[in-house]
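K.L.:
Just a sequence and a predicted model for now, questions to come.
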Amino acid sequence: MTNACILKVERLTKNYRTAAGPLTVLREVSFDLPAGASLAIVGPSGSGKTTLLGLCAGLDRATAGTVTLAGSELGALDEDGRARVRNAHVGFVFQNFQLIPTLTALENVLVPLELRGEGGAAVEAEATALLGRVGLGARCDHYPVQLSGGEQQRVALARAFMNRPQILFCDEPTGNLDGDTAAAMVELIFGLNREKGTTLVLVTHDLELAKKCGRILRLRSGAVVSDETLSAS
């Protein structure tokens with residue numbers, strides 16, 4: 001399975017309509033990613049990094065080109081179909097967390113498995129243990145409004161782990177964390193990559209974090225300007 005291609009992006013283009021005319025955010029981006037690999041997407045602000053991440057995870061539709069994720073060509077699926085692929089294969093850590101404000105930290109972490117129809121004491125114990133692993137064992141009953149930005153980011157990370165993903169997408173996973181907490185989160189993310197063989201795709205401005213990945217894809221003005229494979233660290 002290690003050498004199988006879990007993500008294939010071919011000539012991916014994304015345009016938006018604006019008052020000034022079409023705006024091209026991505027232009028003919030292509031790459032393959034084997035299962036179990038780790039990829040950092042880097043580039044200046046406005047280079048299309050987050051747009052590319054969202055397209056790869058099936059959160060948006062491309063203007064042209066294709067994304068094949070875990071064997072499914074996302075452009076051929078409707079929103080429900082893409083949601084099923086995400087729920088079966090994907091974990092996602094958003095830059096703005098996207099926690100559900102009316103649910104506690106524990107309930108937010110449980111959402112992915114509840115969507116699969118899984119529940120019970122064992123699942124709740126697993127979610128509680130995950131919150132403990134990200135340093136929030138004492139905050140299970142707290143709502144997002146009662147948590148700091150860094151704590152919300154850690155809840156989002158635990159929720160992504162709860163999904164037992166084959167591929168984990170992270171948008172600036174350490175951007176809202178202090179130095180010590182960021183280091184702990186990096187170890188958790190790459191620990192999942194090592195222990196479970198989970199494929200890792202992250203967007204970051206932190207080049208030191210990017211260098212922990214096996215590969216760095218650099219974007220500028222929506223196009224790939226370099227695709228570098230790194231030696232194992």
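P.N.:
Cool, got the structure.
K.L.:
Helix or strand with the lowest mean pLDDT in the protein?
P.N.:
When each helix and strand of the chain is scored by mean pLDDT, DSSP states H and E, helix 179-196 comes last, with a mean of 81.
K.L.:
Helix or strand next in line after it, which one?
P.N.:
strand 199-203 (DSSP states H and E).
K.L.:
Just the mean pLDDT for the helix or strand just after that next one, thanks.
P.N.:
Where DSSP H and E defines the elements, the next helix or strand beyond strand 199-203 is helix 207-210. The pLDDT scores in helix 207-210 average 92.
K.L.:
Just the CA atoms of helix 207-210, as CSV, please.
P.N.:
Coordinates of the C-alpha atoms in helix 207-210 are reproduced here as CSV (Å, rounded to 0.1, in the frame of the first residue of the first chain):
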residue,chain,number,x,y,z
LEU,A,207,10.0,26.5,6.4
GLU,A,208,11.4,24.5,9.3
LEU,A,209,8.1,22.7,9.6
ALA,A,210,8.1,22.2,5.8
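K.L.:
Mind listing what's buried along it?
P.N.:
In terms of neighbour count (16 or more other Cβ atoms under 10 Å), helix 207-210 has its buried residues at 209-210. Any C-beta I mention is one placed from the backbone N, CA and C, and that applies to glycine too.
K.L.:
Report the separation between the residue nearest the centre of the chain and residue 31.
P.N.:
The structure's the chain has its C-alpha centroid closest to residue 169; by Cα atoms, centre = their mean the separation is 1.6 Å. Between residue 169 and residue 31 the distance is 14 Å, computed by Cβ to Cβ, to the nearest Å.
K.L.:
Please apply the same query to residue 104.
P.N.:
For residue 104, the distance to residue 31 - Cβ to Cβ - is 39 Å.
K.L.:
before we move on, what about residue 188?
P.N.:
Using Cβ to Cβ, residue 188 is found at 25 Å from residue 31.
K.L.:
remind me which residues of this protein are low pLDDT?
P.N.:
The chain contains residues with pLDDT under 70 at 1-3, 231-233.
K.L.:
where along it do the strands fall?
P.N.:
5-18, 21-34, 38-42, 64-69, 72-73, 90-93, 167-171, 199-203, 215-220, 223-229 (DSSP state E).
K.L.:
Reformat the ones you listed as CSV; add distance to residue 100.
P.N.:
Formatted as CSV, the strands of the chain follow (distance: least, Cβ to Cβ, whole Å):
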stretch, distance to residue 100
strand 5-18, 27
strand 21-34, 28
strand 38-42, 27
strand 64-69, 24
strand 72-73, 26
strand 90-93, 14
strand 167-171, 18
strand 199-203, 23
strand 215-220, 31
strand 223-229, 35
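K.L.:
Please name whichever of those strands is nearest to residue 146.
P.N.:
Ranking these by proximity to residue 146 (Cβ to Cβ) places strand 90-93 first, at 20.2 Å.
K.L.:
Distance from the chain centre to the closest one, please.
P.N.:
4 Å (Cα atoms, centre = their mean, to the nearest Å).
K.L.:
what helices or strands is that strand leaning on?
P.N.:
Secondary-structure packing of strand 90-93 (3 or more Cβ pairs under 8 Å, 6 or more residues apart in numbering; DSSP states H and E): helix 149-162, strand 167-171.
K.L.:
ok so, going back, could you check the angle the least confident helix or strand of the chain makes with strand 38-42?
P.N.:
Put simply, helix 179-196 runs at 140 degrees to strand 38-42, going by axes from the mean of the first three to the mean of the last three Cα atoms, to 10 degrees.
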